[in-house]
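Participant: got a predicted model here, sequence first, then my questions.
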Amino acid sequence: MPKMKTNRAAAKRFRRTATGKVKRGHAFARHHLGLKSRKRKRRLHASAITESTERRHLAKLLPYGG
């Protein structure tokens, strides 16, 4: 059985936490920032945890932890 390849695009966007959850960044934080409130922009800075429904899909993209 050959080694599985990690999806490089996913590896740059997601990180595995110590408890096995998958951490991600927020979208909509790059352009048209003048239209968004200061509170909204501040919350977009923070990382988020992916939904549990996405875990199986991400496990295929990141077979070795990511």
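Facilitator: Received it, and whenever you're ready, just let me know what you need.

Participant: rest of the way, CA atoms for contacts and neighbours
Facilitator: OK.

Participant: name the residue closest to the centre of this protein, please.
Facilitator: Geometric centre of the chain, nearest residue: Arg24, 2.4 Å, by Cα atoms, centre = their mean.

Participant: bridging residues for that residue?
Facilitator: Under DSSP bridges, the beta-bridge partners of Arg24 are Phe14, Ala48.

Participant: contacts only, for it.
Facilitator: Residues counted as contacts of Arg24 (Cα atoms under 8 Å, 6 or more residues apart in numbering) are 13-15, 47-50.

Participant: how many other residues sit next to His26?
Facilitator: By other Cα atoms under 10 Å, the residues close to His26 number 13.

Participant: from Leu35, how far out is it?
Facilitator: 17 Å (Cα to Cα, to the nearest Å).

Participant: please apply the same query to Ala48.
Facilitator: Distance from Ala48 to Leu35, by Cα to Cα: 22 Å.

Participant: which one of these two has more residues nearby?
Facilitator: Counted by other Cα under 10 Å, Ala48 and Leu35 do not tie: Ala48 has more neighbours, with 13 against 8.

Participant: hang on, the earlier thing: show me which of the contacts of Arg24 are buried.
Facilitator: Neighbour counting by 16 or more other Cα atoms under 10 Å classes 14-15 among those as buried.

Participant: what about the residue lying closest to Thr6 once chain neighbours are set aside, distance to Lys36?
Facilitator: Distances taken as Cα to Cα, 6 or more residues apart in numbering put Leu62 closest to Thr6, at 5.2 Å, once the chain neighbours are dropped. For Leu62, the distance to Lys36 (Cα to Cα) stands at 33 Å.

Participant: looking at the two, which one has more neighbours?
Facilitator: Leu62 (21 against 13).

Participant: can I assume that one is in contact with Arg13?
Facilitator: No. At 10.8 Å, Leu62 does not count as touching Arg13 under the criterion of Cα atoms under 8 Å.

Participant: hmm, who's touching the helix or strand containing Arg56?
Facilitator: Here Arg56, judged by DSSP states H and E, is contained in helix 55-61. By Cα under 8 Å, 6+ apart, the residues outside helix 55-61 that reach it are 6-7, 10, 22, 65.
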